[in-house]
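A.B. asks: need a structure here:
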Amino acid sequence: MSGQDGVMEGELERYLGNTIRELRRAHGLTIADISERADISRGMLSRIENGQTATSLDALSRIARALGVSLSALFKNYEAEGGGAQLIKAGESMEVARRGTRSGHTYHLLSYQQGPSKQFEPFLITIEHESATFPVFEHPGTEFIYMLEGRIEYRHGKTVYDLEPGDSLTFDGNVPHGPDKLTQVPIRFLSIIIYPEQPAE
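C.D. replies: Here you go, the predicted structure:
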């Protein structure tokens, strides 16, 4: 086996391990669940998920059946052109409705179709006009805001932060948050929500 083949083999093992783990978590299954259904030891399944060992097609077929997918589904995106990256060209992001839409906020989703479980959502939010009413948000995970244009007073819980271009704010999304005062419009900022990982077990 050449060195190049070894690199490719390792790459395939990592890809399969990640795919199996993501599918398992998406179905709310533990390593023990799949181990029992596929008749593979927990230790071996853990090594497979971590890309630490090669495995036979027979074992992969049993894992796929335990996950409720076909064997081919495990390889579906391997060697996809561009390595699975997603490019959203300027002006092509998807405008979506959110709670703030009624208050004149425009939300453009900058990435989508991320697979079986949603890991994060990046938005470009634009507020063109002053508003008397503001939405209040609560959601799982962590939110990161980066100001691009304008000034805004942004509330998180009982604290209000004065944000201007170049400022960033990171906070727990479970705590009520949202705009408190539009100091200078138009306002544009990036909002990236990182959702908590589903438990491995």
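
A.B. asks: which residues touch the closest residue to Glu138 other than its chain neighbours?
C.D. replies: Among residues not flanking Glu138 along the chain, Pro176 sits closest, at 5.4 Å (CB to CB, 6 or more residues apart in numbering). No exception for glycine: its C-beta is placed from N, CA and C like everyone else's. Contact partners of Pro176, counting by CB atoms under 8 Å, 6 or more residues apart in numbering, are Val136, Phe137, Glu138, Arg155, His156, Gly157.

A.B. asks: ranking the residues you listed by neighbours, who comes first?
C.D. replies: Among the contacts of Pro176, the one with the most neighbours (other CB atoms under 10 Å) is His156, at 19 neighbours.

A.B. asks: surely that one touches Gly173?
C.D. replies: No - applying CB atoms under 8 Å as the test, His156 and Gly173 come out as separate, 9.6 Å apart.

A.B. asks: pLDDT of the longest strand anywhere in the chain, averaged?
C.D. replies: Of all segments of type strand in the chain, defined using DSSP state E, the longest is strand 177-194. On average, the pLDDT along strand 177-194 is 95.

A.B. asks: break this structure into its domains for me.
C.D. replies: Domain ranges of the chain: 3-83, 94-194, per automatic domain parsing.

A.B. asks: would you single out the least confident of these?
C.D. replies: Taking the mean pLDDT of those, domain 3-83 comes last: a mean of 80.

A.B. asks: which stretches of the chain form strands?
C.D. replies: Counting by DSSP E, the chain has these strands, from start to end: 94-96, 105-109, 120-127, 142-156, 159-163, 168-172, 177-194.

A.B. asks: columns distance to Tyr15 on top of those, output as CSV?
C.D. replies: Listed next are those as CSV, based on distance: least, CB to CB, whole Å:
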stretch, distance to Tyr15
strand 94-96, 27
strand 105-109, 26
strand 120-127, 20
strand 142-156, 27
strand 159-163, 40
strand 168-172, 31
strand 177-194, 23
